[in-house]
Structure formats: structure tokens, C-alpha cells
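In: Curious how this folds, go ahead:
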Amino acid sequence: MLGQSHAISGALVYAAAAPTLPQALFGTEPRPGEVLVGTLLCAGAALLPDLDHHDATPAHLLGPLSRGLCRLVGRLSGGHRHATHSLLFVALAGWGTRAGVTGFGDGFTLGLVFVLLALAARALHLHPPGRGPTAWLTSTGLAGTGTAAVAAWVPGVGDWLPYTVALGALTHLIGDCLTRRGVPLLWPWGRRFEVVLLRRTGGRAETRFLVPVMTVATFAALWFAAFAPLLSAG
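Out: Numbering: from 1, shown residues only. Purely as a prediction, here's the structure:
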């Protein structure tokens, strides 16, 4: 799947699950503002498994630095769609986020918020076309503005950030299971799991059907999870 598709699917899953899943897992229901922020953060987190690919969205986040990191992750993980596309990676991503939030506090939390928002901005094409300085400055500027807003108006984001990261990474795996080659969910066991609904990445079924449908569904889910409660409260 394309990075855009992964990001939109992460946003959709978070928004759709917001009214029920946090309550079932943690006994708390997110506030409307947290739903909006979490939807964007989950869109970014849905790109994290592609840290193993030198030309995926994460590789273009910080130019040569991020490309070098992704090449390194790819080598260490066995290549694209290996270790980082497993349930073990999902668990480690959630646990690592929790450890970072607990051990390093707001510095780690807001740093990760910035990275996830920047990934979402790039994947959702919220910047001028291309990969040049203007696109980079726009996506990082949006991420910086969003991070400042989170710091000011969304207290306690660190409490539910691990859940958001894990949910986004899991959504990525589910999406790639719908394509050829699938993913090794139970890595290091090498068996790949797939139910092929998308035969070609970036094909018409994905770009002309799946992406528009998921986009509309995301806004619908956000309406019921965030905007409707705000209007009723007003």
C-alpha cells in the first residue's frame, strides 16, 4: 500500500475505535480534542513499519539522515516487510513509547508527537508537490505548529500515546496483509499472511476506490466521535 493509504487507514481506525476501544481497554473515553489529535498521530504512526524501506515516507522526513536510518533499519530487520512488519514490532513500538514517556517525560513525548505529525503531513500530501525544501519546510512547519498546540491544549497526551502508536503500527500490518507478499505477522517465524484484495500498489483499486472511501469514512467517524459531542455539549 502507498504511504497515503496507510496514513488514511490509521486515521480511520483511530477515529472509528475512539468511542469504544479506549473505554474497553483503559476505562476512559477520549475527549473530542484528544480524538482529533489522536487521529492525526495515528495516521503518522501507521507509517512506522516502513522504517525498513529506504524510499518510503519515513525515509524522506529528514533528508539524508532519515534515509540512512531507514537503510540501517532495513539491513538489521532483514529487509522490507520483515521484522518491522510483525506483531512483535507492534508490541515493541507501544512498549518503547511507554518507556520513553515514563523515562524522559515531555521532551520525548513532544518529540515523538512532532515526528508523527510530520509523517502524517508528508503522507497526506499537506505540502506543495515534490520532495524539495518547500515541501520539507511546510510539513515540518505544520508539525511544529501542531506540536505546540498539543503542548498547550492537550495535556496528558503521553498517557495514551503508546496506545496510538501501537494501533497505527497494527493498522499498517493489516493493510499490507491485503496485498501480495503479505507480512510475517509472527516473525521470526517466516510464514506470510495475506488476503490479496489489492494486486498492485498504487493501482486503480487503491487510488480511485480505497483512498476516497477511507477518506469519507474517516470524516464520518470523526463527526460521530469528536464533532457531534462538541456540538451537543455546546
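In: For the longest helix along the chain, name the packing helices and strands.
Out: What stands out as the longest helix in the chain, according to DSSP state H, is helix 87-123. Using 3 or more C-beta pairs under 8 Å, 6 or more residues apart in numbering; DSSP states H and E as the contact test, the elements touching helix 87-123 are helix 3-17, helix 32-45, helix 133-153, helix 157-176. Every C-beta, even on glycine, is put in place using the N, C-alpha and C of the backbone.
In: and the helix or strand following the shortest one with helix 87-123, angle?
Out: Meaning helix 32-45. Downstream of helix 32-45, the next assigned helix or strand under DSSP states H and E is helix 64-77. Calculated by axes from the mean of the first three to the mean of the last three C-alpha atoms, to 10 degrees, helix 64-77 forms an angle of 160 degrees with helix 87-123.
In: quick check: mean pLDDT across helix 64-77?
Out: Across helix 64-77, the average pLDDT comes to 94.
In: What of stretch 201-216?
Out: 93.
In: Any chance you could give me it in CSV, C-alpha atoms only?
Out: Extracted C-alpha coordinates of stretch 201-216, given in CSV (Å, rounded to 0.1, in the frame of the first residue of the first chain):
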residue,chain,number,x,y,z
THR,A,201,0.4,-1.0,-5.0
GLY,A,202,-0.8,2.4,-6.3
GLY,A,203,-3.2,0.7,-8.7
ARG,A,204,-6.7,2.0,-9.5
ALA,A,205,-8.4,-0.1,-6.8
GLU,A,206,-6.3,1.6,-4.2
THR,A,207,-6.1,5.2,-5.5
ARG,A,208,-9.5,5.6,-7.1
PHE,A,209,-11.6,3.4,-4.7
LEU,A,210,-9.9,2.6,-1.4
VAL,A,211,-8.4,6.0,-0.7
PRO,A,212,-11.6,8.0,-1.4
VAL,A,213,-13.8,5.6,0.6
MET,A,214,-11.4,5.6,3.6
THR,A,215,-11.2,9.4,3.5
VAL,A,216,-15.0,9.8,3.6
